[in-house]
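Asker: quick one, what's the 3D model for this:
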Amino acid sequence: MNTMLKYISGTTLLLMAAVITNGQQKQPYRLGSTAGVLQDIRSQAKAGANTRLASAADLKIAEGTILTGKVNSRRTDGKGEELVAGEIDNVPGSSFVLEVKNGVLNGNIIMRKTKKAYKYYSENGTAFVKEVPVDSLICIDYSPAPPQESARTASSAAITAAAVTDLQSLPGANGVVLLDFDGQYVTSAYWNNGTPINAAASTLTDAQKQEVWELVSEDYRPFVLNITTSEAVYNTYPANRRMRCIFTPTNTAAPGSGGVAYIGSFNWGNETPCWVFNGGVKGAGDAASHEIGHTFSLGHDGRISPSEGYYLGNGLWAPIMGAGYYVPVVHWSKGEYASANNTEDDLAKIAGSNFGIGYRTDDYGNTIAAAATLNVSVAGAVSSTGVIERTGDVDVFRFTTGGGAVSLNFATSTRQPNLDILATLYNSSGGVVTSANPSGLPASLSATLAAGTYYVAITGTGYGSPATDGYSNYGSLGSYAITGTIAASSSGVATFYKDCNYGGYAVTLPVGDYNYADLIARGISNDDISSLKVASGYQVYMYKDANFSGDAYAFGGDFSCLVTVYVNNEPINLNDWTSSLKILPASSAARTSNAGNTVEKLNTGVSTTEVEKSSTVLSVAPNPFVNEVFVKGTSTAKGGYLYVSIYSLDGKTVLPAKRISNGDKVNLSNLDKGVYLMKIFNGSTTETKKIVKY
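Answerer: Next up is the predicted model:
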């Protein structure tokens, strides 16, 4: 952070401001060239006390219209950069900043008590000043939260101070927000008229800090943004992709407010923080999301009639950019409530190209055809998670049951949810079996099903009327977890072993389709099956490649060792070969395998030779590495993804399979120094690389 220099005590600075007649349109005033403004500031600094910023002939915008500014701090590089900051003489609650950098003028005059504000800017080398609404520059008069009860006890293990300082919502995201609870010495020209602020540490307990982090993280879950409490993580990001949000009882930056921020300051790159002065989980958390929203250029959500700057909500719901202290559900908004004074699209502005953050990539397909496999254990326990990233997003999962009771619960794992869940269960033909849309945010459904394949879809929904007593699905976004049980009769039809003669690990699977990632999730490593057992009445199709492609063979019984099996009386080695598989009832199978130690080859349309010819070299760099590596290579897998897993030299998994895009970085900072094996699957081939961490 740049250090501000103390300017000459008592020096006055004459700042020009427009006289605006009530009812007239506020027009910008031309100050001259940006270079001239820079020279005027320099001349003033050299001249000493009681001199003007520039000659009246050059900068006066209306006869006799000047404001006298007292300079509290100055920063200069002696070349093309100059900054002065201070306050307007005899105007309590006022401030000004004037900065020229790289030929561009920025700055403002803010008078909080009269709610007057002026903006300095330049266009093509010409400098202007214009009167603007004060809340287009800074969050003003954001009321403190009412007294609140203590934070709820965390549901996890006891929280420690060390854990609270190392929380991250999305490691490796495009941008970062630091929730700073431990106090900060701030020397930003934009706060306290350029005078440093020594902000005290937050009075929140560690349990409250964790829950505040949960609340803010869930509000920003749709975006590629890391909400963290780690100063070290914050410092890894470029200055124009990060924001510090300071939680402190020291409200010098905006006395009497619940918090304060400059509009659009996230990408300023000059370490101008935003502030939260509220206590309590809801007061501090709602204020943090609100002020961080301002740094992404969001304005206040109020009402036209009655005229109010902050909408307090309809008793159930309120907008984040209003004041949601008094309601249970607080979402992003586009002004769908009655008499809204702001209809900007909050989500689109945060995710827009101006800040380089963007939406998260959709994690699951939106249709039955693109459904992911629901994670179901051998015992029938369900455990899958996901995120509804955009309004109207639908995540679809499939599962297969041999028949019986199914009970599924849908909720978020955080104590501060935003997602109002609508869950729908479909049969194999796409017909609705049942759905769940309760009055609360979580949902659940249950049914007794016949044997077969089913699909469950999760999306965000609204409640009541957004105009009067509820909300739409616009801001019903965030994380969810699926738990519950599927009848145990749906499991146990085929068991796969790591070693020949049914040795090593044993994983039993129900009827269903298992892609590369599905097998990894259930504990079967890629190219690792050496023997299998298949229950009577079922068949297993084993595929060489992910996405059920490449050579494939049908198995209709037990095979004690896949090193040698026979196809058309010819021996073939299928040991450590399989990357995806399907398990089907024999009546559903298109083919049947021969008896004994023989299998039938399936016609998949892609031969092993063809796959090998189309494969490409995969690369890992740097190697050796310190904390992260970049993996590159063309993928033939669906979506163009690569699948990466890390093993110790003795074969133990240290990083389960992770799906990445070409060129993505893989964070391995949690590994000890040493040598590891990285397996990379690109949809056609698997390559093993030896990597060294030092």
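
Asker: okay, CA-based contacts and neighbour counts for the rest of this
Answerer: Fine.

Asker: now do the strands in the stretch 101-250 of the chain.
Answerer: 104-111, 116-123, 126-131, 175-180, 184-186, 197-199, 225-228, 242-247 (DSSP state E, counting those that start in this stretch).

Asker: which other residues reach the second one?
Answerer: Defining contact as C-alpha atoms under 8 Å, 6 or more residues apart in numbering, one finds that strand 116-123 is touched by 17, 34, 98, 104-111, 127-134, 137.

Asker: grab the nearest non-local neighbour of V620.
Answerer: The shortest distance from V620 to any non-neighbouring residue, by C-alpha to C-alpha, 6 or more residues apart in numbering, is to V631 (4.7 Å).

Asker: helix, strand, or coil at the one you found?
Answerer: Using DSSP: H, G, I helix; E, B strand; the rest coil, the structure places V631 in strand.

Asker: can you give me the pLDDT of it?
Answerer: Looking at V631, its pLDDT reads 88.

Asker: got a list of what it touches?
Answerer: 618-621, 662-666.

Asker: repeat that for 7 Å
Answerer: 619-621, 662-665 (C-alpha atoms under 7 Å, 6 or more residues apart in numbering).

Asker: what of G313?
Answerer: 324, 327.

Asker: try 8 Å this time
Answerer: 319, 322-324, 326-327.

Asker: I'd guess it is in a strand, am I close?
Answerer: No: membership of G313 in a strand is not supported by three-state DSSP, which gives coil.

Asker: ok, now how distant is it from G335?
Answerer: 12 Å (C-alpha to C-alpha, to the nearest Å).

Asker: now the longest strand along the chain: buried residues?
Answerer: Using DSSP state E to define each element, the chain has its longest strand at strand 66-76. For strand 66-76, the neighbour count (16 or more other C-alpha atoms under 10 Å) marks 66-76 as buried.

Asker: so which of the contacts of G313 are in strands?
Answerer: Using DSSP E, the contacts of G313 in strands are P319.

Asker: so which of the contacts of G313 comes closest to T685?
Answerer: P319 (49.4 Å; C-alpha to C-alpha).

Asker: show me what contacts the closest one?
Answerer: 301, 311-313, 330-333.

Asker: then P438?
Answerer: L422.

Asker: helix/strand/coil for it?
Answerer: P438 ends up coil, using three-state DSSP.

Asker: I'd like the average pLDDT over stretch 384-393.
Answerer: 96.

Asker: G478 and I388, how far apart?
Answerer: Taken as C-alpha to C-alpha, the span from G478 to I388 is 5 Å.

Asker: overlap in contacts, these two.
Answerer: The contact lists of G478 and I388 share 222, 419, where a contact means C-alpha under 8 Å, 6+ apart.

Asker: G683 and T634 touch, don't they?
Answerer: No: if you go by C-alpha atoms under 8 Å, G683 and T634 don't touch, sitting 9.2 Å apart.

Asker: so for the two, which sits in the more crowded spot?
Answerer: G683 (26 against 19; other C-alpha atoms under 10 Å).

Asker: circling back: and which of the contacts of V631 is nearest S169?
Answerer: K665 (17.3 Å).

Asker: skipping its backbone neighbours, what lies nearest that closest one in space?
Answerer: F630 (4.3 Å).

Asker: which residues does the one you found contact?
Answerer: Counted by C-alpha under 8 Å, 6+ apart, F630 has contacts 620-622, 663-666.

Asker: change it to 7 Å
Answerer: Contacts of F630 (C-alpha under 7 Å, 6+ apart): 620-621, 663-666.

Asker: quick one, helices of the stretch 501-650 of the chain?
Answerer: 516-521, 608-614 (DSSP state H, counting those that start in this stretch).

Asker: same question for the first one, mean pLDDT?
Answerer: In other words, helix 516-521. 83.

Asker: tell me the pLDDT of the closest residue to P442 other than its chain neighbours.
Answerer: Spatial nearest neighbour of P442, excluding adjacent residues (C-alpha to C-alpha, 6+ apart): A411 at 4.6 Å. As predicted, A411 sits at a pLDDT of 92.

Asker: what do you get for S150?
Answerer: The model's pLDDT for S150 equals 39.

Asker: over to A145?
Answerer: Taking A145 on its own, its pLDDT is 89.

Asker: can you tell me the SS state at the residue nearest to it when sequence neighbours are not counted?
Answerer: By the measure of C-alpha to C-alpha, 6+ apart, the closest residue to A145 outside its immediate chain neighbours is G283, 5.1 Å from it. State at G283, reduced to three classes by three-state DSSP: helix.

Asker: my guess is G283 contacts V327, does it?
Answerer: No: G283 lies out of contact with V327 (C-alpha atoms under 7 Å); the separation is 11.4 Å.

Asker: please say which of these two ends up with more neighbours.
Answerer: When neighbours are counted by other C-alpha under 10 Å, G283 comes out ahead of the other of G283 and V327, with 24 against 15.

Asker: wait, a strand at L347?
Answerer: No: counting by three-state DSSP, L347 falls outside a strand, being helix.

Asker: residues near it, how many?
Answerer: 22.

Asker: how close does it get to G358?
Answerer: Where G358 is concerned, L347 sits at a distance of 10 Å (C-alpha to C-alpha).

Asker: check the gap between the residue nearest to V620 and T401 for me.
Answerer: V631 is 38 Å from T401, by C-alpha to C-alpha.

Asker: what residues are up against S531?
Answerer: 496-502, 559-562.

Asker: mind doing that once more with 6 Å?
Answerer: Neighbouring residues of S531 by C-alpha atoms under 6 Å, 6 or more residues apart in numbering: 497, 500, 502, 559-562.

Asker: ok, now Y262?
Answerer: 137-138.

Asker: and it, bridged to which residues?
Answerer: When bridges are called by DSSP bridges, Y262 pairs up with I138.

Asker: how near is it to I350?
Answerer: 15 Å.

Asker: what do you get for L519?
Answerer: 37 Å.

Asker: of the two, which one has the most company?
Answerer: Legend: neighbour count by other C-alpha under 10 Å for L519 and I350, higher for I350 (23 against 20).

Asker: which one is that one nearest to, not counting chain neighbours?
Answerer: Going by C-alpha to C-alpha, 6+ apart, I350 has F296 as its nearest residue, at 5.6 Å.

Asker: and that neighbour, how many neighbours?
Answerer: 22.

Asker: would you confirm that it contacts N267?
Answerer: No: F296 is beyond contact range of N267, at 8.3 Å (criterion: C-alpha atoms under 6 Å).

Asker: ok so, going back, buried ones among the contacts of strand 116-123?
Answerer: By 16+ other C-alpha under 10 Å, those give 17, 34, 98, 104-111, 127-132, 134, 137 as buried.

Asker: could you list the low-pLDDT ranges of the stretch 251-400 of the chain?
Answerer: The stretch 251-400 of the chain contains residues with pLDDT under 70 at 378.

Asker: cutoff 80 now
Answerer: Scanning the stretch 251-400 of the chain for pLDDT under 80 picks out 377-379.

Asker: again, but for the stretch 1-150 of the chain
Answerer: In the stretch 1-150 of the chain, residues with pLDDT under 80: 1-26, 41-70, 78, 89-90, 147-150.

Asker: at 50 instead, please
Answerer: 1-25, 49-63, 149-150 (pLDDT under 50).

Asker: again, but for the stretch 551-694 of the chain
Answerer: Using pLDDT under 50, the stretch 551-694 of the chain drops low at 588-596, 604-616.

Asker: strands of that one, start to end?
Answerer: Under DSSP E, counting those that start in this stretch, the stretch 551-694 of the chain gives strands at 565-567, 570-572, 580-585, 600-602, 619-621, 628-632, 641-647, 653-661, 665-667, 674-681, 686-693.

Asker: then the stretch 351-500 of the chain?
Answerer: Under DSSP E, counting those that start in this stretch, the stretch 351-500 of the chain gives strands at 372-373, 381-388, 394-401, 404-411, 421-426, 432-436, 443-449, 452-460, 478-486, 494-499.
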